[in-house]
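> Sequence plus the predicted model coming up.
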Amino acid sequence: MKRKPFCKIESFCRRKKTITGLAALFFLAALIFAAPHLSAGKDKRDKNKSAESSRATKGLPIQELTEDEAILQALNRLGFGPRPGDLQRVKEMGLQKWIDQQLRPDSLNNAALEARLDRFPTLKMSSAKLVGEFPQPQVAARREGISIEEYRKEQQARNQEAMQANRTEGDDQGAMNDQIQAKFEKMDTDANPAIGKGQGKGEGGFGNQMFNYTENRTPQRIVAELSMAKVTRAVYSERQLDEEMVDFWYNHFNVFAAKGADRWLITSYERDAIRPHAMGKFRDLLEATAESPAMLFFLDNWLSADPVGWAKMQQEQQQRREIRQQRMGGVFGGGPFGRPRFPQGLPAPANGNPPNSNPNDPNAKGRQKQERGLNENYGRELMELHTLGVDGGYTQEDVINVAKAFTGWTIKQPRRDPEFLFEDRLHDQSTKTVLGHQIHSGGMKDGEEVLDLLARDPHTAHHISFEIAQRFVSDDPPAPLVDRMAQTFLKTDGDIREVLHTMIYSPEFWSKDVYRTKIKTPFELVVSATRAVGAEVDVALMLVQWTNRIGQPLYQCEPPTGYSDNAEAWVNTGALLNRMNFSLALTANHLRGAQVSVESLLGDQAATDPHVTLDRAVQALLGGQVSQQTRATLETQLADPRILQASLDDPVKQVNAAMIAGLVLGSPEFQRR
């Protein structure tokens, strides 16, 4: 039977609901900015359950947190939040053992995750294969001998066929998902018009469009699979701290996927440069990023050359071309059999691109006609962002000399097999002075000596330690802790694992002052919510797209600084609205590719009593820790007909547990970690 509207004047009723809902959202937003210790029973703690006397937390310097708080602190800071049952599992095995396993990720079996990653074949492809398999539309059209317009129509038709097949296979559910998605996309466009204008699309991105990625043969496929793999790893990896560090280091050594050739290079960059060194020695990580074609291209160091060496190299190439032309102009080059292959004095090939160019860069032709010389981009970012920090004591002269040390660090065959190459002919052979040290090893060793110098500088030790503490402890980490971490960095020659050990085994990490003070980034929110409800993720594309909508397009941060780790960068009314909308969509099973069973999470009784449902949701999703203000706000929503699924003349038959769970995920306590 069709339910009657709760209000006789339906339009007024809808307006009243909207006003009430927005008021609740604004109140929750205010609580996110408020002191995080409003909740969690700060003044009503059970002394019998303090972590100081707990067997589960033995061996750790924990005095201010309860046992449950300490475990949640570890799961939320050293990983992407607990999954159902994790709190009890860690309690039984012991928190110290869990931490030590996380610090030694190779000791943890990750076979189940690897099986999930098999669905993303691009993850294992070389950059050369990616260039060949997923070319720019212009290149693909030329290969097929058709126009670019014809090629795009062909791709569009192929995607539509695949999506239609999915809808037929999924019957009505597929159509319903399409309608829900369209609704959310319109909502997101209204809330953030920039997204509707194509943010995240085009070069390297895929925006908010739901497309069948397995049928996509453009560079979008590479970024889509890499992004879905990132979400899948964060949700399912047993090696949570390792995934946190991979995310941290990629952001620290940020490369923008949508810049030219980098869309083909970032897969190898994360796989071969970042991931193997995430918990190793900083010096090794620094060199791996310096030699990566992705970083070389992003900061333009592949074009940096000694002007004299470049001119000499061009002259030598021209002389060789002239010799070849003279030989060709002998018996067959002139007279009745033809003319020289290239006109005298003109460079080859005819497309105007030198051998070291990127064929998929639409701006390459015009740019490459310019003379090459010293490029300071990488030298500056190497010191300002990657090592010393903005207050690291370097000068502009240091920037210039570091840039000279890295001349000749370029990319071999970027058209076919983009690999690192040191071209000695382009290297500045002069003696360089960096931070008062003379660099005169010669050749590639000049750059390596600079890396040695910077990696072992006390400013680098402090800068890296500060950023790690800022990520894992607080936006403004305690200075004594940062100093101890920096000392460990210097003492162990930049051993990242040992720096993390110093941080984790410090009283500051377990202080009540830093508990639930960090605001989750959009990526952390999407992943932690997915973990918290125990979702089964088959295809993570819509989770990736929601991360984009909330404000953090994966692999698409344009500045080399990467995304901010401070609260003010992520908390505003528009972002909060999108966070809440995501939470409600997730728990209501409105995200294709992610299935949630709220009934299994909260139990049968939750279906009939909204207050029981709220209690169980708070326990399951927040560890039972919620402020009086948040609880009061949530309880005011329990009378909403959409939650009670009833009208005035129709008694409650079933509580909308999914909506209650979604509201709890949107609470200030869940927005913090």
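Yes, it's here.
> element containing the closest residue to residue 563 other than its chain neighbours, please.
Distances taken as Cβ to Cβ, 6 or more residues apart in numbering put residue 557 closest to residue 563, at 5.2 Å, once the chain neighbours are dropped. Where you see a C-beta, it was placed from the backbone N, CA and C, and this is true even at glycine. Assessed by DSSP states H and E, residue 557 sits outside every helix and strand.
> Please report how far residue 557 lies from residue 278.
Distance, residue 557 to residue 278, by Cβ to Cβ, to the nearest Å: 18 Å.
> who has more neighbours, these two?
Set residue 557 next to residue 278 and count neighbours by other Cβ atoms under 10 Å: residue 278 wins out with 22 against 19.
> quick one: contacts for that one?
242, 245-246, 248-249, 285, 496 (Cβ atoms under 8 Å, 6 or more residues apart in numbering).
> before we move on, what about residue 54?
Per Cβ under 8 Å, 6+ apart, neighbours of residue 54: 67, 70.
> now do residue 121
Applying Cβ under 8 Å, 6+ apart to residue 121 gives the contacts residue 225.
> same deal with residue 521?
By Cβ under 8 Å, 6+ apart, residue 521 lies in contact with 552, 563, 565, 570.
> Please repeat the previous calculation with a cut-off of 6 Å.
552, 570 (Cβ atoms under 6 Å, 6 or more residues apart in numbering).
> residue boundaries of the helices in the stretch 451-600 of the chain?
Along the stretch 451-600 of the chain, the stretches classed as helices by DSSP state H, counting those that start in this stretch are 458-472, 479-491, 496-504, 522-532, 541-550, 573-587, 598-602.
> Now mean pLDDT too, for those, in TSV please.
Below are the helices of the stretch 451-600 of the chain laid out as TSV (pLDDT from 0 to 100):
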stretch	mean pLDDT
helix 458-472	98
helix 479-491	98
helix 496-504	98
helix 522-532	98
helix 541-550	95
helix 573-587	89
helix 598-602	90
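> could those go into TSV alongside mean neighbour count and distance to residue 66?
Below are the helices of the stretch 451-600 of the chain laid out as TSV (neighbours: other Cβ atoms under 10 Å; distance: least, Cβ to Cβ, whole Å):
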stretch	mean neighbour count	distance to residue 66
helix 458-472	22	20
helix 479-491	18	22
helix 496-504	21	18
helix 522-532	26	20
helix 541-550	26	31
helix 573-587	22	26
helix 598-602	19	23
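> re earlier: so which of the contacts of residue 278 is the most crowded?
Neighbour counts for the contacts of residue 278 peak at residue 245, which has 27 neighbours (criterion: other Cβ under 10 Å).
> excluding its backbone neighbours, what's nearest that residue?
residue 278 (4.1 Å).
> next one: residue 513
Nearest non-adjacent residue to residue 513, counting by Cβ to Cβ, 6+ apart: residue 474, 7.8 Å away.
> Test for you: state the pLDDT assigned to the one you found.
Note for residue 474: predicted pLDDT of 96.
> Could you do residue 347 as well?
The score at residue 347 is 39. That number is its pLDDT.
> The one 3 residues further on too?
The score at residue 350 is 39. That number is its pLDDT.
> how near is the residue nearest to residue 245 to residue 670?
Counting by Cβ to Cβ, the gap from residue 278 to residue 670 is 27 Å.
> Same question for residue 239.
Counting by Cβ to Cβ - residue 239 and residue 670 are separated by 24 Å.
> hmm, back to that, which pair of the contacts of residue 278 spans the longest distance?
242 and 285 (13.5 Å; Cβ to Cβ).
> any shared contact partners between those two?
Residues touching both residue 242 and residue 285 (Cβ under 6 Å, 6+ apart): there are none.
> From residue 222, how far out is the residue most central in space within the chain?
Nearest to the geometric centre of the chain sits residue 554, at 4.4 Å (Cα atoms, centre = their mean). Taking Cβ to Cβ as the measure, residue 554 falls 12 Å from residue 222.
> Ok, residue 230 next?
13 Å.
> Looking at those two, which has the bigger crowd around it?
residue 222 (29 against 23).
> Just list the residues touching the more buried one, thanks.
Counting by Cβ under 6 Å, 6+ apart, residue 222 touches 122, 130, 134, 263.
> Tell me the most packed of the residues you listed, by neighbour count.
In terms of neighbours by other Cβ under 10 Å, the contacts of residue 222 top out with residue 263 at 28 neighbours.
> can you tell me the helix or strand for that residue?
Per DSSP H and E: residue 263 is located in helix 262-268.
> and that helix, how far out from the chain's middle?
14 Å (Cα atoms, centre = their mean, to the nearest Å).
> Quick one: residues in contact with that helix.
Contacts with helix 262-268, where a contact means Cβ under 6 Å, 6+ apart, come from 127, 130-131, 204, 219, 222, 226, 255, 257, 293-294, 297-298, 555.
> send the alpha carbons of that helix over as PDB?
Presented in PDB, the C-alpha positions along helix 262-268 are these (Å, rounded to 0.1, in the frame of the first residue of the first chain):
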ATOM      1  CA  ASP A 262      53.500  10.900 -17.100                       C
ATOM      2  CA  ARG A 263      50.200   9.200 -17.700                       C
ATOM      3  CA  TRP A 264      52.300   6.200 -19.100                       C
ATOM      4  CA  LEU A 265      55.000   6.600 -16.500                       C
ATOM      5  CA  ILE A 266      53.400   6.800 -13.100                       C
ATOM      6  CA  THR A 267      52.500   3.000 -12.900                       C
ATOM      7  CA  SER A 268      56.200   2.200 -13.000                       C
END
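> State the distance from residue 277 to residue 420.
Taking Cβ to Cβ, one finds residue 277 at 15 Å from residue 420.
> Could you check which of these two is surrounded by more residues?
Ranked by neighbour count (other Cβ under 10 Å), residue 277 and residue 420 place residue 277 first, with 21 against 16.
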